[in-house]
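Student: Curious how this folds, go ahead:
(2 chains)
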Amino acid sequence: MGQPGIMEKLEILADAAKYDASCASSGTAKRNSSGGKGIGSTEGMGICHAYAPDGRCISLLKVLLTNHCIFDCHYCINRKSSNVRRARFTPQEVADLTLTFYRRNYIEGLFLSSGIIKSSNHTMEQMVETARILREDHDFRGYIHLKTIPEADPDLVHQAGLYADRVSINVELPTDAGLTRLAPDKNARQIEGAMGGMKMAIRQARDEKKRFKHAPRFAPAGQSTQMIVGADAATDADIVGRASRLYDGFRLRRVYYSAFSPIPDASAVLPLKRPPLVREHRLYQSDWLMRFYGFEAQEVMQATEADGNLPLDIDPKLAWALKFRERFPVDVNRSSREMLLRVPGLGVKAVNQIIAARRHRTLRLEDVAKLTVSVAKVRAFIVTADWRPTLLTDRADLRTLLAPKSEQLELFAA
Amino acid sequence: MTSLSHVRLGTYFVVHMPRSDDFAFWRDRARQLVQCDVPPDRVAWVEPGGNASLFSHGDRRAPIPDDPDRPVRASRRFVALAKNAALHSDPERFALLYSLLWRLQSQPRLLEDKADSEVRRLEELDKAVRRDSHKMHAFVRFRMVEDESGGSEHYVAWFEPDHHIVRANAGFFVRRFANMNWSILTPRGTLHWDGEIVREGPPAQKSDAPQGDPAEDLWRKYYASIFNPARLKIGAMLKEMPRKYWKNMPETSLIPELVAGAQNREAQMVEAGTLEFEERPETLQAIDKAIHACRKCPIGELDNQAVMGEGPNDAALMIVGEQPGDQEDQAGRPFVGPAGQVLDAHMERAGIDRRNTYVTNAVKHFKYVQRGKRRLHQSPTAKEIDVCRWWQEAERAIVKPKVILALGASAARGMLGKTVSISKVRGEPIALDDGSELWVTAHPSYLLRLDGAAKEEQERLFAADLAAVKERVEELTA
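Tutor: Prediction:
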C-alpha cells in the first residue's frame, strides 16, 4: 500500500481528533486582513461554522499532525500499542488545508494537536512550523490553537505562544493516581510545570504590550486544558476541586471536560461502562456556576450527593438550592445581585434585566415570567409583589416537582 | 404647546421607505414627525413594494416642523438597538421603532424597563437580526471559480438571509477576505468585492451561483470524521443549525447518513473497544474458571489452556512471570518448566518458601508458533499484556500481597502499564496505587540463555534481587 492521499489522511487525522472537546475560537485579539497580503480576521467572538450531529460546533479545522505516538496512554486511541490506521501530515499540508477551508468560509482557523513522534521536541517543532507557515508565509490572520507538549523544550513552547491565539496543555485526568495508572508516560508535575511557565509568559507579554505598542502578542486568547471524565474513579467533587485549583493557579480561560467515550481498541484498565454524557453536561454547568454566578468550588462540592457526584437528574444550581433552602425565598424586588444569581432558573441575563426593571416598577410574578424561560421552576424560590411561595420552598417533594418530568435519556443507551 | 400649526387633528401620514434597510432615512423622518407631535397611531411606514393603497386616505406629504432644531431625545442604547432591529423583515418594525421613540420623549429611561412589551419586542427583533447576521457570517459558503479574463480566483457564495442584513454585513466579509475577490449573492441583493470597493447589485437567484467546488469533498470528509457517533445529539445540532440553512451548505447533505450510521458506528467502536468482561470475579476459583473462557486477545484462540496462579490467597509475596510455557500449558500450573526450576533453586537459596508465595503470570495463556511438532515460545505484545492485566489485577485484589516481584519486562508492564528497562528499575521498590510495592528483576529464562561470565554476573544480580525482596517482605510482615 502506498502513501495515503490527502483525503485519506484527513479522514484518519480528523477522526483521531474527535475526542478533543475544545473548539473555541473566541476571546483573542481583534485583527483583520486589511492592509496585509493574506487572509483572515478575528472579531472577538468566535463563529461556529457548522454543527455536527453530536451537537458540537465546528469552528476550527481540528486535526492531528500525526496519530503515530510513542506514548502509551490507555484512554487514548492513538497510543503506541493500539492498532489504528496511522497517518502523518506535513506542516505544509496542514497549512494548505487550513487556507483552502478558510477561503471558503468553512472555518475560523486551525486547532492542531499531535501524537508524539520521535521525540517531544521533534513533534513540537513540526507543530510550530505549521503555525509559522500560516503566519509568516501566508500572512494568515485567523485563529490558531496549538496543543503544546509539556515535555518539549520551553523555547519551543514559547515559540508556539508567539504564533498561536490559544495554547492548551491537557491535564488529562483529574487525579494524579489516575494519570499514573492510565497515562504511565506522563507526569503530573511536568504538566503543571508547563502550565505555570505558560502562565508566566502570558502575563509577561501582557505587561510588555501595555508598555510597548510593538511588543509581540503571546497567546492572546490565553491557555486552556482538558480533563477526561469517567475513565478513572475521580468523583465530580474531585474534578470540580481540581478545575478550581487550575483556574486559580494557572489563570486558565477554560477547563474542558470530555466524557470518556468508548474508543476502538480500548485497554483493559479502562472502565467497562462509559459515563453518561449528562455527567459531562453537569460539570460544565458547575463550571459556569463558578465562572459567572459567583459560586466557590466548595459550594459546588456541597451540591454533590453522598457518592461525591453531582445529581444527574437536576442541574447543580437547583441541587445546591434544594440543599440550602434556608437561603430562600429571595425577594426579587429587594435582594442583591449575588443572591438573585443563586435562584435556580434565573440566568445572568435575567438577573440583569430584573435589576434594571425594578428601578421602574415593583415586579410581579407575571413580570418575572416575561424575563425567564420557566417561571414554574423559579417561583418556589422567589418572592414578588404578588407572590410568596409560603410552604412550597419547604416541601419535601420539591425536588420531584422541579426535576424534569421525563428523564432525558441517551439516544442509544445500552 | 403645539409646534406645528398645520398638522390637523386626525391627519394620517404615510412614509415610504426608499430601501428596506435604510435606517438613516427612518431616523430623519421619525425625528421630523416627533418634532411635529405626530403620535404613532397617525403614521404608516411603507417598505418598497409594500401595499400603500391601504393608507390611501393618508397624507403623503412629509410634515415640516416649525422648529427643526427642537431636540428629539433618544438614548444611545435605543439608537444602537433600533439601527439593528430596523433590518428585521417584520413590516411593523418601523412603526414599533417610532412608537418607542415617541414614548422615549416622556420616559427617557424606558429601555431599562425590560418587562415593557414594546421594549421586549424591540429586543426580540434585535436578537433575531443579530442571529441572522451571525448565521450569515457562519454559513456563507464560498465556491471558487476561475475568472475567464485573467484566470484569477473569484469566490462566489449563495446565501438566503431571513432579514435585510446583507448590506449591513458587507464589512465583516471585507475585513476577513480583504485580499480575495468575492461575491455574495442573495435574494435580497448582492455584494461584490474586488479588493478595493464593495459594489452592490440587484437580487440574484440561486442558479446565478456556481454549482460546486472540489474542496467540498475534502470538507465533507472532515465533517464526517470529526463527528463522534458515540455522542449523537441531534436536537443540539438543529437548535444551532436549523434545517432552513441546510440546502446551501455542502456538508449538511451527509447528516441523514451520519445519523443513521451512528448507532452502527458506535456499536463498532464499542465492540472493538470494550472487552465485555463481566463483573470482576471475587474468588480465585472464579478467576480460574473465567480465564479458561477468555478469548479477548489472539492468544486465547490458540490451542492451549489457561494457567492460573497458585499459592495461598493471603500470601505476602506475589511473584509474576511473563506467561506459561509449553510445559506449564500442559501441566496447567505456573513455573514447572526449565525456568520454573531455575526460579525454585534461587528461591530456595534465598530462603523464600514457594509454598508461602503466590506465583502467577502477567499473561494467562501460552503464546507460541507451531514449527513442525514443536511449539516455539512467542513474547506477548504490549496490547496482549494490557488485556490480561484485568485478570492479574483481579488476583492482586484478592491476594493483596505486600510485595510483588515481577520477573522480566513483560511482567513489569502488566503491573505498570508501561514498558520499563529492567536494568534501570531493578533493586528499588516502585509504589503501586493499591499500596503494595513492586520489585522488578530479570526473568529466569534469561539466565538459562546465558553462558560463562555473563551468566555468573546475571545470576549474582538475580540472587541479590531475591535477597532484597525477602528482606523487604520480612520487614513488612514483622
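Student: quick one, strands of chain A?
Tutor: Listed in chain order, the strands of chain A (DSSP state E) span A:50-51, A:57-58, A:60-64, A:109-113, A:143-147, A:166-168, A:223-229, A:254-259, A:330-331, A:382-383.
Student: and if you look at the stretch 51-200 of chain B?
Tutor: B:142-146, B:153-158, B:181-186, B:189-193, B:198-201 (DSSP state E, counting those that start in this stretch).
Student: Identify each buried residue in the first one, please.
Tutor: Same thing as strand B:142-146. Using 16 or more other CB atoms under 10 Å in any protein chain shown as the test for burial, strand B:142-146 gives B:142-145. Yep, even glycine has a C-beta here, placed from its N, CA and C like the rest.
Student: of those, list those near chain A.
Tutor: B:142-144 (CB under 8 Å from any CB of the partner chain).
Student: picking up where we left off before, can you tell me which of the strands of chain A comes nearest to A:Leu13?
Tutor: Closest to A:Leu13 of the strands of chain A is strand A:60-64 (CB to CB; 4.6 Å).
Student: What is the closest one packed up against?
Tutor: Applying 3 or more CB pairs under 8 Å, 6 or more residues apart in numbering or on different chains; DSSP states H and E, one finds that strand A:60-64 contacts helix A:6-15, helix A:91-103, strand A:109-113, helix B:215-226.
Student: Please compute how far that strand lies from its chain's middle.
Tutor: Centroid displacement of strand A:60-64 relative to its chain, using CA atoms, centre = their mean, to the nearest Å, is 16 Å.
Student: before we move on, what about stretch A:349-360?
Tutor: Centre-to-centre, stretch A:349-360 and its host chain are 30 Å apart (CA atoms, centre = their mean).
Student: ok, now stretch B:338-348?
Tutor: 53 Å.
Student: Could you point out the longest helix of chain A?
Tutor: If you go by DSSP state H, chain A has its longest helix at helix A:188-211.
Student: Show me what counts as buried in it.
Tutor: Per 16+ other CB under 10 Å, helix A:188-211 contains these buried residues: A:188, A:191-192, A:194-195, A:197-199, A:201-202, A:205, A:209.
Student: on that earlier part again, looking at the helices and strands packed on strand A:60-64, spot the one closest to B:Asn51.
Tutor: Across these, closest to B:Asn51 is helix B:215-226 (CB to CB), at 41.9 Å.
Student: Identify all contacting residues around the helix or strand following the closest one.
Tutor: Later in the chain than helix B:215-226, the nearest helix or strand by DSSP states H and E is helix B:234-240. Contacting residues not belonging to helix B:234-240 are listed as A:48, A:51-57, A:411, B:255, B:259 [CB atoms under 8 Å, 6 or more residues apart in numbering or on different chains].
Student: picking that back up, output the buried residues of strand B:142-146 in JSON lines, with distance to B:His346 appended to each entry.
Tutor: As requested, those are exported to JSON lines (distance: CB to CB, whole Å):
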{"residue": "B:Phe142", "distance to B:His346": "74"}
{"residue": "B:Arg143", "distance to B:His346": "75"}
{"residue": "B:Met144", "distance to B:His346": "74"}
{"residue": "B:Val145", "distance to B:His346": "79"}
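Student: that older thread, burial-wise, tell me which of the helices and strands packed on strand A:60-64 comes out on top.
Tutor: Most buried of these by mean neighbour count (mean count of other CB atoms under 10 Å in any protein chain shown) is strand A:109-113; its value is a mean of 27.
Student: Does that strand reach chain B?
Tutor: No - Strand A:109-113 lies out of reach of chain B by CB under 8 Å from any CB, never closer than 10.2 Å.
Student: Partner strands of that strand and their direction?
Tutor: Strand pairing for strand A:109-113, determined by DSSP bridges: strand A:60-64 (parallel), strand A:143-147 (parallel).
Student: In a markdown table, list these along with mean pLDDT.
Tutor: Conversion of these to a markdown table gives the following (pLDDT from 0 to 100):
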| stretch | mean pLDDT |
| --- | --- |
| strand A:60-64 | 96 |
| strand A:143-147 | 96 |
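Student: who wins for proximity to B:Asp451 among the ones you listed?
Tutor: Taking CB to CB, strand A:60-64 is the member of these nearest to B:Asp451, at 47.8 Å.
Student: Just the terminal-to-terminal distance for stretch A:95-109.
Tutor: 10 Å (CA to CA, to the nearest Å).
Student: hang on, the earlier thing: tell me the helices and strands packed up against the longest helix of chain A.
Tutor: If contacts are counted by 3+ CB pairs under 8 Å, 6+ apart, helix A:188-211 sits against helix A:154-163, helix A:176-182, strand A:223-229, helix A:236-250.
Student: circling back: widest-spaced pair of the buried residues of helix A:188-211?
Tutor: Across the buried residues of helix A:188-211, the longest distance by CB to CB is 31.7 Å; it joins A:Ala188 and A:Lys209.
Student: who touches A:Ala16 in this structure?
Tutor: Counting by CB under 8 Å, 6+ apart, A:Ala16 has contacts A:64, A:67, A:77-78, A:84, A:115.
Student: Swap in 6 Å and give it another go.
Tutor: Listed by CB atoms under 6 Å, 6 or more residues apart in numbering or on different chains, the contact partners of A:Ala16 are A:64, A:67, A:78.
Student: again with A:Thr123
Tutor: Neighbouring residues of A:Thr123 by CB under 6 Å, 6+ apart: A:114, A:116-117, A:149.
Student: related to what we said a few turns ago, can you redo the buried residues of strand B:142-146 as JSON lines with pLDDT?
Tutor: Converted to JSON lines, the buried residues of strand B:142-146 look like this (pLDDT from 0 to 100):
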{"residue": "B:Phe142", "pLDDT": "97"}
{"residue": "B:Arg143", "pLDDT": "96"}
{"residue": "B:Met144", "pLDDT": "94"}
{"residue": "B:Val145", "pLDDT": "91"}
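Student: any idea how far the nearest residue to B:Glu459 once chain neighbours are set aside lies from A:Trp387?
Tutor: If the residues on either side of it in the chain are set aside, B:Glu459 comes closest to B:Leu447, at 5.9 Å by CB to CB, 6 or more residues apart in numbering or on different chains. For B:Leu447, the distance to A:Trp387 equals 84 Å [CB to CB, to the nearest Å].
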